[in-house]
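**Q** please find the sequence and the predicted model below.
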Amino acid sequence: MDERERRQKRQVKKTRRPVQSGRGGRAGAGYPEADAQRRRTSNNVNRARRNRARRRRRLFIIRGVICIILVVAVGLGFILYHKYGSSKEKADLKNYYGISDKNELGVTVNNKVIKNSDGNAVGRLIDGEAYVEYSVVRDYINERFYWDPNENIMLYTLPNGNVSVEVGSKDYTEVTEKKSETYTILKTEGRTAYIAVPFIQQYTNMDYNIYKTPNRVAITSSWGEIESAIIKKKTEVRYQGGVKSPILTEVKKSDKVTVLEDEDGWKKIATEDGFVGYVKTRTLKKIQKETTKRDFDEPKYTNISVGHTINMAWHNVENEDANSYALETIASTKGLNVIAPTWFKIADTDGNLTSLASSDYVNYAHQVNLDVWATVRDFHGGINSYDETYEVLSYTSKRENLTNQIIAAALQTGIDGINLDFELISTECGEHYIQFVRELSVKCRQNGLVFSVDNYVPQPYNEHYDLKEQGIVADYVVIMAYDEHTEGSYEAGSVSSYNYVKDGIKNAAKSVSSDKLIAAVPFYTRLWLETPKTDAELASEEGTEAANYKNKVSSTALGMDEAQQVVQDAGAQTEWDDTTKQNYAQWETEDGTYKIWLEDTKSLEEKLKLIKSDNLAGVAEWKLGWENSDVWDMILQYVN
């Protein structure tokens, strides 16, 4: 260390010497300016340290708050996405079409996925050919296909005869011509029949396409106005409306779809390859109406028309002796041009016929310018139940037997027409009944016989009578506008009130053209006896429909003159009921309350006004012998 360095060290020590005060020294001799500076420096350092600490605490708090906000935002975002975000879940397409094995085929008909009651596919893919279950063909594609599981035969009725196919065959008969296909036309699994799709198309105005992954067939058999749209951009088709619903398929930009329904920002659509689901409304453009069609020659059913307004009355013939009264029965009428004797009944469940037909009766009717349309019934004869009628009509051979006997009897006696009056047709029997109607219509047309079919007033419970098909294949459809209240009714009421007739005609006219529609009116009424039910009777009926009625009723059918006589004998007065448009009477006896809604010239005239104003083919009356002499002149004013 040199001398210079030693002097610097001594100077530093002298500077740091503490200030001393005392009597022998000078106060402040330790450099007070330097001390103040040191204190200021120390304070500044401490203050800086405190400020840094505060800043660190604030920064820590801010960071903590930011972290909390971020955590909350992430959590909220997750919740919102979970609730509102689009699901990427794919739908199980095999389950969507009901497919459980490689031989099953999904079926879409007219933009509707069809599955059976168990949720299974209704199609089969066999040897590369598509097949569809018969019930689906009948209900959704072409109702004229008919399957007889009892005799393993499929039929399709053309205007001049049947197409017939046996199970497992490539051959078939069209009326009388033998034909063949390159594929098996009809296959079965148990009692379930499957029809080859190309064979269905031969007789149906339909298009179809087969697709894979999964195997499915898309069928179109309904043509006319639809609503179509174009896809704006690639998007998902979901099973239901909503972003959480599974994805069925994707559609590409410019794909064309059919719009089916509108649902809160979503559209139910059908794709061209057989998917029916939902897309967001904003993904569609060019939504517009268009008309679809396909060139196809529908079979034309020709009909026989009598060329004038019909006035037909049923003649209830219960035995051969009744035929001998034909002269007397017809002599009292005026303006009648068709008489329908109830001659034919089904004798047994083999489809044999009981006949009371009389050539003499027909000859006399023709002499007085009356056509004879013999009535065939499934009651008041050898069979008389729903099960027995079903037993006959559900077998092709039995229907054929019955048809042939009807035609033979008609030709033998010179009858002009057949009037079919089957009233014991269950819902299960409906498809067999309408097939019988088709087959009988062909035979009648081929033999120059006018064919008419009797029906109840249209109601939901008798839709299986199929008025629409009757209106095509039959010459005339008769609506029996009576039996509004019957012997089995729970309350007293009119047999044929005005609105009952009016609504019956209106509803029938939705399915049958007016020039084929005949409205039948009653020549009878019912006398009702009404008595209060006892407490025991009400208790016994608890839980049944009968329990809704406090009175029990019974009734007796009366002809016009007899009904008037009953009212007169009771000393009762009739009043015009403007609702039923009938004269009404009521009286009390020790037996209870009697009620009657009369059929007379005034009530019948109201019904005939409806028939004329609706331009129907004519009127029919049940039954000859129950009318009074005045009605014929009145009927002539409306039917001539």
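**A** Done, it's in.
**Q** all strands of the stretch 1-150 of the chain, in order?
**A** Under the criterion DSSP state E, counting those that start in this stretch, strands of the stretch 1-150 of the chain are mapped to 104-109, 113-114, 123-126, 129-133, 145-148.
**Q** what's opposite residue 525 in the beta bridge?
**A** Per DSSP bridges, the residues bridged to residue 525 are residue 558.
**Q** how near is it to residue 509?
**A** For residue 525, the distance to residue 509 (CB to CB, to the nearest Å) stands at 26 Å. Where you see a C-beta, it was placed from the backbone N, CA and C, and this is true even at glycine.
**Q** more neighbours: which of those two?
**A** residue 525 (29 against 19; other CB atoms under 10 Å).
**Q** thinking again about what came up before, make TSV out of the strands of the stretch 1-150 of the chain and add mean pLDDT and distance to residue 324.
**A** Output for the strands of the stretch 1-150 of the chain, formatted as TSV (pLDDT from 0 to 100; distance: least, CB to CB, whole Å):
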stretch	mean pLDDT	distance to residue 324
strand 104-109	98	57
strand 113-114	98	58
strand 123-126	97	61
strand 129-133	98	55
strand 145-148	98	42
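**Q** can you add mean neighbour count and distance to residue 303 and give the ones you listed back as JSON lines?
**A** Listed next are the strands of the stretch 1-150 of the chain as JSON lines, based on neighbours: other CB atoms under 10 Å; distance: least, CB to CB, whole Å:
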{"stretch": "strand 104-109", "mean neighbour count": "25", "distance to residue 303": "30"}
{"stretch": "strand 113-114", "mean neighbour count": "21", "distance to residue 303": "34"}
{"stretch": "strand 123-126", "mean neighbour count": "21", "distance to residue 303": "36"}
{"stretch": "strand 129-133", "mean neighbour count": "24", "distance to residue 303": "31"}
{"stretch": "strand 145-148", "mean neighbour count": "22", "distance to residue 303": "21"}
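**Q** and the residue nearest the centre of this structure?
**A** Closest residue to the average C-alpha location of the chain: residue 139 at 9.5 Å, with CA atoms, centre = their mean.
**Q** wait, residue 269 touches residue 228, no?
**A** No. Contact between residue 269 and residue 228 fails when scored by CB atoms under 8 Å: they sit 9.4 Å apart.
**Q** need the residues touching each of these two.
**A** Common contacts of residue 269 and residue 228, defined by CB atoms under 8 Å, 6 or more residues apart in numbering, comprise 257, 258, 259.
**Q** wait, the first one touches residue 227, no?
**A** No. With contact taken as CB under 8 Å, residue 257 and residue 227 are classed as non-touching, separated by 9.8 Å.
**Q** looking at the two, which is more packed in?
**A** It is residue 257, of residue 257 and residue 227, that has more neighbours when counted by other CB under 10 Å, with 24 against 16.
**Q** you'd agree the more buried one is in a strand?
**A** Yes. Assessed by DSSP: H, G, I helix; E, B strand; the rest coil, residue 257 belongs to a strand.
**Q** so in terms of bridging, what pairs with the nearest residue to it once chain neighbours are set aside?
**A** Nearest non-adjacent residue to residue 257, counting by CB to CB, 6 or more residues apart in numbering: residue 269, 4.3 Å away. Under DSSP bridges, the beta-bridge partners of residue 269 are residue 259, residue 277.
**Q** list the contacts of residue 269.
**A** Residues near residue 269 by CB under 8 Å, 6+ apart: 229, 237, 257, 258, 259, 260, 276, 277, 278, 279, 284.
**Q** got it, and residue 547?
**A** Applying CB under 8 Å, 6+ apart, the residues contacting residue 547 are 538, 541.
**Q** same question for residue 249.
**A** When the contact criterion is CB under 8 Å, 6+ apart, the partners of residue 249 are 236, 237, 271, 273, 275, 277.
**Q** farthest pair in these?
**A** Farthest-apart pair in the contacts of residue 249 is 236 and 273; separation 14.8 Å (CB to CB).
**Q** between those two, who's got more neighbours?
**A** With neighbours defined as other CB under 10 Å, residue 236 and residue 273 compare such that residue 236 has more, 21 against 14.
**Q** surely that one forms part of a helix?
**A** No. Counting by three-state DSSP, residue 236 is not part of a helix but strand.
**Q** that one against residue 244, yeah?
**A** No. With contact defined as CB under 8 Å, residue 236 and residue 244 do not form a contacting pair (11.8 Å).
**Q** what sits in contact with each of the two?
**A** Counting by CB under 8 Å, 6+ apart, the residues touching both residue 236 and residue 244 are residue 86.
**Q** export stretch 491-511 as CSV, just CAs?
**A** The C-alpha coordinates for stretch 491-511 follow below in CSV (Å, rounded to 0.1, in the frame of the first residue of the first chain):
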residue,chain,number,x,y,z
GLU,A,491,-130.4,-43.1,-24.5
ALA,A,492,-133.5,-42.3,-26.5
GLY,A,493,-133.1,-40.3,-29.7
SER,A,494,-133.9,-39.9,-33.3
VAL,A,495,-133.3,-42.7,-35.8
SER,A,496,-132.3,-40.1,-38.5
SER,A,497,-132.0,-36.5,-37.4
TYR,A,498,-131.4,-33.8,-40.0
ASN,A,499,-127.8,-33.1,-39.0
TYR,A,500,-127.0,-36.8,-38.9
VAL,A,501,-128.0,-37.1,-42.5
LYS,A,502,-126.3,-33.8,-43.5
ASP,A,503,-123.0,-34.7,-41.9
GLY,A,504,-123.2,-38.2,-43.3
ILE,A,505,-123.5,-37.0,-46.8
LYS,A,506,-120.9,-34.3,-46.4
ASN,A,507,-118.3,-36.8,-45.0
ALA,A,508,-119.1,-39.4,-47.6
ALA,A,509,-118.7,-36.9,-50.3
LYS,A,510,-115.1,-36.4,-49.2
SER,A,511,-114.3,-39.9,-50.6
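**Q** tell me which residues of it come out buried.
**A** For stretch 491-511, burial by neighbour count (16 or more other CB atoms under 10 Å) applies to 492-498, 500-502, 504-505, 508-509, 511.
**Q** now stretch 308-317
**A** Residues of stretch 308-317 classed as buried: 309, 310, 311, 312, 313, 314, 315, 316, 317 (neighbour count, 16+ other CB under 10 Å).
**Q** and which of these is nearest to residue 382?
**A** residue 317 (15.8 Å).
**Q** next up, the contacts around the closest one.
**A** Per CB under 8 Å, 6+ apart, neighbours of residue 317: 323, 341, 342, 343, 356.
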